[in-house]
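Asks: only the shape, not the letters, is given here:
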């Protein structure tokens, strides 16, 4: 499954042949429909409630950031490894994506959304999580910090 498309030599970026006939017909729209809003952004309380209800919390930060501190129920999957790990992610559960401030998680959430996952983005990232008084721990369970 491809999460991003690299531009090939000679690729003009044109959409290619356009469909004939009535393109305004009612009916199901493809997942790639440009009218879609994209992944929902949730706050720390909503993210915690989703995780408590069975969602998977995926932290896409780098190793040193993860080691400094993360949410207790988070799973570590650096953004750079997301394309190779997408097949191991659940399609039967909501995925909550988080990073430090929200930029990387927004990219990850958008890619997963385009790939058909039920995904939300934790707006403001781990910084917002910590500001909201949510726990941040190190791998051994001691108190952590957002780096």
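Replies: Great, that's in hand. Values in this document were obtained by computation on a predicted structure and should not be read as measured data. Numbering: from 1, shown residues only.
Asks: neighbours around residue 90, how many?
Replies: Counted with other CB atoms under 10 Å, the neighbours of residue 90 add up to 12. (Each C-beta comes from the backbone N, C-alpha and C, glycine too.)
Asks: oops, could you answer that again for residue 117 instead?
Replies: Using other CB under 10 Å, residue 117 has 18 other residues around it.
Asks: my guess is it contacts residue 87. True?
Replies: No. Counting by CB atoms under 8 Å, residue 117 does not reach residue 87; the two are 11.4 Å apart.
Asks: who's in contact with stretch 124-131?
Replies: Contacts to stretch 124-131, defined as CB atoms under 8 Å, 6 or more residues apart in numbering, come from residues 43-44, 47, 59, 61, 65, 69-71, 98-103, 105, 122, 136, 145-146.
Asks: and that stretch, how far from the chain's centre?
Replies: The chain centroid and the centroid of stretch 124-131 are separated by 15 Å under CA atoms, centre = their mean, to the nearest Å.
Asks: and stretch 103-113, by the same measure?
Replies: Averaging C-alpha positions (CA atoms, centre = their mean) puts stretch 103-113 4 Å from its chain's average.
Asks: now do the buried residues in that stretch.
Replies: Going by neighbour count (16 or more other CB atoms under 10 Å), the buried part of stretch 103-113 is 104-113.
Asks: out of those, which one sits closest to residue 132?
Replies: The closest of the buried residues of stretch 103-113 to residue 132 turns out to be residue 105 (CB to CB; 15.6 Å).
Asks: how many other residues sit next to residue 134?
Replies: Counted with other CB under 10 Å, the neighbours of residue 134 add up to 15.
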